[in-house]
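Colleague: the amino acid sequence is not available; the structure is as follows:
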């Protein structure tokens, strides 16, 4: 990992992040994004305008970019459009992984998630202590939380900057003791919590973690908010649960837009609207039956991860943003927020600014510039697509561009080694972990698809 120059030429000695093994100087890749972000009204410290009084991070689980009116969809999503009208909707935002704990692990740590175990013959099982893909940061020989303690998380960063930090979270995979709650003064979990209820009715959670339930929890939490700068993180599950709630995907998007409209009223009532830095993003998208050159797993299981599960919305209010060819990934959002509240971000990097690398269970998927490749672990089958000419990812052009294919293979081998977690723990699921995954609809779908397709995957 090679550090790069500071955007602002400043250092911040003595930060808690240094004690936790993460450098806190400014972003190495910031010159590449210099044309992307400029702080207006609420900015970073050290000579720029004052930092934002409040910060609100809204994550809509499983929301595709192309199902919002601000990105050209015919769906009516007026409340998200209202938010974007106050700021900007970024076209080039990408999820760092196709699954919640890894993409949110990236957003909460600023690091690239990886399922690599250090064994070239296999990747770590997704259903293991490495759900967040951050096992390479765990203490040696220890089975730590999904987000290892060594990492300086988003909640800890905000607390260090003087924010009262609160969260309302409806995705069970992020519940305690996964480690996402580190640094938060209040961490509210919405949905069925007791084992007996989940075991008796795995689908019950979907009807107890709707946008209305999340907003009720936000309202109650903010009623107790102290009169001080606030960081609020809100995570909605309405779109993720479209199947379990017997809705179409489009209906679920419209439902969460209504919930977000209600949230605006709550934020306004508690003074978190006018002067706040607001970021809305999704953890990943969803496949809806699009044909590709390979058969992937359904919904958002990836393997390989095509663009519908990777291209996500990103709306920023409180910072002037210009579009760029350099994508903003989940892990970059961590650094963006750090920069805007005056922390400066971290110089440590795993990928170049325009790279995306997913170490999936059955595939290694790599994207840079116009090129994207999928390398199957079981038999070495390699495919390359040109996203500029073939945005639907339907044609293999590896034979026509052997030099690009060779460069991708070489780079993926390097990153596989660099991101591996040697000696990482892989174990069977506990009964409760199986219940959590079942309640989310993951377990049965994954096992069914594994039996049908096998580890090699099938081509169309």
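Modeller: The structure has been received and is ready for your questions. Here the structure is a predicted model, which is why all the values come from computation and not from measurement.
Colleague: now the helices for the protein?
Modeller: Under the criterion DSSP state H, helices of the chain are mapped to 16-19, 78-86, 100-109, 154-160, 195-200, 211-222, 249-269, 307-310, 330-340, 402-418, 431-439, 442-453.
Colleague: now the first one: average pLDDT?
Modeller: Helix 16-19 shows a mean pLDDT of 29.
Colleague: the spatially most central residue of the chain: what's it in contact with?
Modeller: By Cα atoms, centre = their mean, the chain has its centre lying nearest to residue 103, at 3.0 Å. The contact partners of residue 103, taken as Cβ atoms under 8 Å, 6 or more residues apart in numbering, are 95, 96, 97, 113, 283, 284, 330. Heads up, the C-betas are built off the backbone N, CA and C, glycines and all.
Colleague: if we use 7 Å, what do you get?
Modeller: 95, 96, 97, 283, 284, 330 (Cβ atoms under 7 Å, 6 or more residues apart in numbering).
Colleague: would you format the helices of the chain as JSON lines with distance to residue 229 included?
Modeller: Listed next are those as JSON lines, based on distance: least, Cβ to Cβ, whole Å:
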{"stretch": "helix 16-19", "distance to residue 229": "18"}
{"stretch": "helix 78-86", "distance to residue 229": "20"}
{"stretch": "helix 100-109", "distance to residue 229": "20"}
{"stretch": "helix 154-160", "distance to residue 229": "9"}
{"stretch": "helix 195-200", "distance to residue 229": "37"}
{"stretch": "helix 211-222", "distance to residue 229": "14"}
{"stretch": "helix 249-269", "distance to residue 229": "14"}
{"stretch": "helix 307-310", "distance to residue 229": "33"}
{"stretch": "helix 330-340", "distance to residue 229": "13"}
{"stretch": "helix 402-418", "distance to residue 229": "37"}
{"stretch": "helix 431-439", "distance to residue 229": "34"}
{"stretch": "helix 442-453", "distance to residue 229": "37"}
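Colleague: what's the closest of the ones you listed to residue 352?
Modeller: Among the helices of the chain, the nearest to residue 352 by Cβ to Cβ is helix 402-418 (9.2 Å).
Colleague: show me what the closest one is packed up against.
Modeller: strand 355-359, strand 363-368, strand 371-376, strand 382-386 (3 or more Cβ pairs under 7 Å, 6 or more residues apart in numbering; DSSP states H and E).
Colleague: who wins for most neighbours among the contacts of residue 103?
Modeller: Of all the contacts of residue 103, the highest neighbour tally under other Cβ atoms under 10 Å goes to residue 97, namely 35 neighbours.
Colleague: the nearest residue to residue 370 once chain neighbours are set aside: neighbour count?
Modeller: Excluding its sequence neighbours, the residue lying closest to residue 370 (Cβ to Cβ, 6 or more residues apart in numbering) is residue 388, at 4.3 Å. Neighbourhood size, residue 388 [other Cβ under 10 Å]: 9.
Colleague: wait, doesn't residue 388 sit right on residue 371?
Modeller: No - between residue 388 and residue 371 there is no contact under Cβ atoms under 7 Å: 8.9 Å.
Colleague: quick one: the residue nearest to residue 370 and residue 51, what's the gap?
Modeller: Distance from residue 388 to residue 51, counting by Cβ to Cβ, to the nearest Å: 39 Å.
Colleague: and residue 210, by the same measure?
Modeller: Taking Cβ to Cβ, one finds residue 210 at 34 Å from residue 51.
Colleague: what is the neighbour count of the residue nearest to residue 63 when sequence neighbours are not counted?
Modeller: Closest residue in space to residue 63, ignoring its immediate chain neighbours: residue 282 at 3.8 Å, by Cβ to Cβ, 6+ apart. When counting by other Cβ under 10 Å, one arrives at 26 neighbours for residue 282.
Colleague: what does residue 416 give?
Modeller: Other residues close to residue 416 by other Cβ under 10 Å number 18.
Colleague: hey, what's the closest residue to it other than its chain neighbours bridged with?
Modeller: Nearest in space to residue 416, with sequence neighbours left out and distances taken as Cβ to Cβ, 6+ apart, is residue 116 at 5.4 Å. Beta bridges link residue 116 to residue 123, judged by DSSP bridges.
Colleague: straight-line length of stretch 151-171, end to end?
Modeller: 21 Å (Cα to Cα, to the nearest Å).
Colleague: mind checking how far the residue nearest to residue 370 is from residue 306?
Modeller: 16 Å.
Colleague: same deal with residue 326?
Modeller: 21 Å.
Colleague: for these two, indicate the residue with more neighbours.
Modeller: residue 306 (24 against 17).
Colleague: right, and the more buried one touches residue 294 too?
Modeller: No - the criterion here is Cβ under 7 Å, and residue 306 misses it with residue 294 at 8.3 Å.
Colleague: overlap of the contact sets of these two?
Modeller: Going by Cβ under 7 Å, 6+ apart, no residue sits against residue 306 while also sitting against residue 294.
Colleague: which one is residue 297 nearest to, not counting chain neighbours?
Modeller: Nearest one to residue 297, counting by Cβ to Cβ, 6+ apart, is residue 303 at 4.9 Å.
Colleague: next, the one you found: phi, psi?
Modeller: phi 60, psi 70 (degrees, to the nearest 10).
Colleague: kindly report the same for residue 312.
Modeller: phi -130, psi 160.
Colleague: what's the closest non-adjacent residue to it?
Modeller: Using Cβ to Cβ, 6+ apart, the closest residue to residue 312 is residue 282 (4.1 Å).
Colleague: ditto for residue 374
Modeller: Closest to residue 374 by Cβ to Cβ, 6+ apart is residue 304, at 4.0 Å.
Colleague: cool, residue 401 as well?
Modeller: residue 384 (6.3 Å).
Colleague: kindly report the same for residue 251.
Modeller: residue 242 (7.1 Å).
Colleague: roughly how far apart are that neighbour and residue 61?
Modeller: Relative to residue 61, and taking Cβ to Cβ, residue 242 is found at 10 Å.
Colleague: these two: which is more packed in?
Modeller: Between residue 242 and residue 61, residue 61 has the larger neighbour count (other Cβ under 10 Å), namely 26 against 23.
Colleague: that one contacts residue 241, correct?
Modeller: No - with contacts counted by Cβ under 7 Å, residue 61 stays clear of residue 241, the gap being 8.4 Å.
Colleague: shaky segments in the stretch 301-450 of the chain?
Modeller: 321, 345-347, 423-430, 432-450 (pLDDT under 70).
Colleague: go again using 50 as the cut-off
Modeller: The model of the stretch 301-450 of the chain has pLDDT under 50 over residues 446-450.
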